[in-house]
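Novice: Sequence and predicted structure are below.
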Amino acid sequence: MQFSNWLIFCGVALLVTFTPGPGVLLAVSNSVSVGARRTVLSSLGNATGLFVISGIAMAGMGVVLAASAAAFTVLKIAGALYLVYLGIKQWRNKAGALATAASPGSDGRATAWRLFGQGLGVALTNPKAILFFTALYPQFVTPAAPVLEQFAVLTTTFTGFAMLSHAFYVLLARVLKQRLAGARAMRLFNYATGGVFIALGLSLLRLRHKAV
């Protein structure tokens, strides 16, 4: 892979990762509920999911999704339902369920896995991500060079920018959290973020087959 091609990929990755999506919204929501440090757990889960779907795309699953309307529809519905579930859960989270679970007397390990699982689930149930990697990687991979090394470089770069974008939005959320000290303000925040989760889920249902 030429260095100039990698720089172009960095520009594309920056644009994509810093455009707010489900992963960013989850990071912001969790940062308000449980704090910036514990939000790293959901971001790590999301990063792990990105590595998995990147590998799936390299293995040819993206081609399967593009060719099979049934497979694409199943994954699309699963992703939509998961985002809607997170939205409803956020709506019902009046007092900050995750924050309560993270209190000193709670099971912190269970909460950690819950946060990690949320990030992982958001990444794995997004068909657009698999199609994105499938469409993007061939533009930057040199067939004559070792594919696995290029896969590692591209995926690590993309995942690194994704983590950087989460950190950026979480810092913004810390400023926002200072203005959400009251119970009423927190409820409004939960309703707003829950509504966005549901809207993102419904938008997945409108995604047409073979869309990239």
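Specialist: Looks like it arrived, so ask away.
Novice: what does stretch 136-148 contact?
Specialist: By C-beta atoms under 8 Å, 6 or more residues apart in numbering, the residues outside stretch 136-148 that reach it are 1-2, 5-6, 8-9, 12, 54, 57-58, 150-151, 154. For the C-beta atoms, the positions are set from N, CA and C on the backbone; glycine is no exception.
Novice: Please report how far the residue nearest the centre of the chain lies from residue 40.
Specialist: Residue closest to the mean C-alpha point of the chain, counted by C-alpha atoms, centre = their mean, is residue 23 at 2.7 Å. Using C-beta to C-beta, to the nearest Å, residue 23 is found at 13 Å from residue 40.
Novice: Over to residue 199?
Specialist: On the measure of C-beta to C-beta, residue 199 and residue 40 end up 26 Å apart.
Novice: repeat for residue 128
Specialist: The value you get for residue 128 to residue 40, if C-beta to C-beta is used, is 24 Å.
Novice: ok, the two, which is more surrounded?
Specialist: Of the pair residue 128 and residue 40, residue 40 is the one with more neighbours under other C-beta atoms under 10 Å, namely 21 against 17.
Novice: Helix or strand: which one has that one?
Specialist: Residue 40 belongs to helix 36-59 when assigned by DSSP states H and E.
Novice: list the buried ones in that helix?
Specialist: Buried residues in helix 36-59, counted by 16 or more other C-beta atoms under 10 Å: 36, 38-51, 53-54, 56-58.
Novice: Helices of this structure, residue ranges please.
Specialist: Counting by DSSP state H, the chain has these helices, from start to end: 3-17, 22-34, 36-59, 61-67, 69-92, 97-101, 108-124, 127-140, 147-177, 183-205.
Novice: Most tightly packed of these?
Specialist: With neighbours taken as mean count of other C-beta atoms under 10 Å, the helices of the chain reach their highest mean count in helix 22-34, at a mean of 25.
Novice: could you give the angle of that helix to helix 147-177?
Specialist: If you take axes from the mean of the first three to the mean of the last three C-alpha atoms, to 10 degrees, helix 22-34 sits at 40 degrees to helix 147-177.
Novice: for helix 22-34, packing partners?
Specialist: helix 36-59, helix 69-92, helix 97-101, helix 108-124, helix 147-177, helix 183-205 (3 or more C-beta pairs under 8 Å, 6 or more residues apart in numbering; DSSP states H and E).
Novice: Please repeat the previous calculation with a cut-off of 10 Å.
Specialist: helix 36-59, helix 69-92, helix 97-101, helix 108-124, helix 127-140, helix 147-177, helix 183-205 (3 or more C-beta pairs under 10 Å, 6 or more residues apart in numbering; DSSP states H and E).
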